[in-house]
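Novice: Give me a model of this one.
(one chain, ligands or ions: 1)
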Amino acid sequence: MLLRRMIQYNITSRKLSSSSKNNFVRIFEVGPRDGLQNEKVQVPTSIKVDFVNRLSRTGLKCIEVTSFVSPKWVPQMGDHVEVLATIDRIPGVCYSALTPNVQGINKVLSLGKKGVDEVAIFSAASETFSKKNINCSIETSIQRFDEVVKIAHEKNLPVRGYVSCVVGCPYEGKISPAQVVPIVQKLLDMGCYEISLGDTIGVGTPKSIQELLEALIRSGIPSDKLAIHCHDTYGQAIANIAQALELGIRCVDSSVAGLGGCPYAKGATGNVATEDVVYLLHGLGYETGVDLDRLVDVGQFITDALKRQNGSRVANALLCQRQDQTTTKNKQQ
Ligand SMILES: CC(C)(COP(=O)([O-])OP(=O)([O-])OC[C@H]1O[C@@H](n2cnc3c(N)ncnc32)[C@H](O)[C@@H]1OP(=O)([O-])[O-])[C@@H](O)C(=O)NCCC(=O)NCCSC(=O)C[C@@](C)(O)CC(=O)[O-]
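Specialist: Down below sits the predicted model:
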């Protein structure tokens, strides 16, 4: 327990010193994992590696690279070892992966330096979603995660926690803050340094996000232990993030070009686009350390590779602007 507290303390102080000003917002890029996990056609490993390498050069500090889940459940993430073995590691960037069980964490640890800087466990506020996603009840998952966290902490590996379906579930409908608070508390007690609150199907509105965050903060959970993870199914993600910032949240999960979706949440669209989040944050005067132009290039790279439309409104606007500028320049020459 002491070791867990020390790891938590170190991470909190690291977070505070790197973001000593309250206007720094950490962006947690989940594109290579949440963004790609739902792609039906297997994305070549070389594209994934190139994607992570390009993201690493945008100023992003946290990149979720892959997940150590069963390849029978999520085949797209089956090349986790190869991806991690091949990416370039940029100093100062934290590379992470999901680990749902002991098998997952042990595999990560067996990779040594070719592993990750931190891992994440993922629970849910909905019983049905938990069963569909990880094949067990919330209570059983908590017991499994306790073991995963112990193993990770023995190796000084920080653990992030996710709670999915924090305002709505594709199977159970509306989820109340009272269902979320105890799970967040359990994951924190276990030693997670931060809990990412997932609006997995993007049904949240600024009001439901406000009610949730106020309930968490009222229960004694500090806002610097929370992150917000929005999907944009109903176009509310940016408004929800703005609301979360108002309530003190300083870590936002997002996926470049708005890629993504959960295989076990039918109908849910992608994550909020990182480009849109950066534009919002810079517009509000927050610092992120992220170069928006470079990020737009990465978004275009991955959407071209996947033969998809770019899901970022900001990227599409900036790409149009670039094209107009090139046309004008060519006309002048
Ligand atoms: C959790 C399990 C494994 C339980 O699955 P299970 O079938 O109950 O597990 P099991 O222990 O009975 O094992 C069954 C088989 O899986 C293998 N296995 C077991 N564990 C592993 C592992 N770690 N790595 C590789 N293989 C593994 C194991 O070896 C065995 O293989 P077999 O003997 O049949 O050949 C499964 O349900 C699973 O992998 N689920 C995937 C869940 C997932 O990745 N979901 C998407 C991510 S969550 C998300 O997107 C939400 C989030 C985080 O983004 C936030 C938000 O938006 O809300």
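Novice: so how many other residues sit close to residue 304?
Specialist: By other Cβ atoms under 10 Å, the residues close to residue 304 number 11. For glycine as for every other residue, the C-beta is placed from the backbone atoms N, C-alpha and C.
Novice: repeat for residue 49
Specialist: Residues near residue 49, counting by other Cβ under 10 Å: 20.
Novice: got it, and the one 3 residues further on?
Specialist: By the measure other Cβ under 10 Å, the count of residues near residue 52 is 27.
Novice: low pLDDT regions in the stretch 1-150 of the chain?
Specialist: By pLDDT under 70, the low-scoring segments of the stretch 1-150 of the chain are 1-21.
Novice: what does it put close to the ligand?
Specialist: Within reach of the ligand by Cβ under 6 Å from any ligand atom, the stretch 1-150 of the chain has these residues: 34, 37, 67-70, 72-74, 100-101, 103-104, 122, 133-135.
Novice: Among the residues you listed, which lie within strands?
Specialist: In this view, those that belong to strands under DSSP state E are 67, 122.
Novice: Just the buried residues out of the residues of the stretch 1-150 of the chain next to the ligand, in ChimeraX syntax.
Specialist: Here is the ChimeraX command that selects the buried residues among these (16 or more other Cβ atoms under 10 Å):
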select :34,37,67,68,69,70,73,74,100,101,104,122,133,134
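Novice: which ones among the residues of the stretch 1-150 of the chain next to the ligand are found in helices?
Specialist: Within those, residues falling in helices by DSSP state H are 103-104, 133-134.
Novice: Any idea which residue of the protein lies closest to the ligand?
Specialist: residue 198 (2.4 Å; Cβ to the nearest ligand atom).
Novice: what sits against that residue?
Specialist: Taking Cβ atoms under 8 Å, 6 or more residues apart in numbering, we find residue 198 in contact with 162-166, 229, 231, 253.
Novice: rerun at 6 Å
Specialist: 162, 164, 166, 229 (Cβ atoms under 6 Å, 6 or more residues apart in numbering).
Novice: Can I take it that the first one is in a strand?
Specialist: In this case it means residue 162. Yes. Residue 162 sits within a strand when classified using DSSP: H, G, I helix; E, B strand; the rest coil.
Novice: Noted, bye for now.
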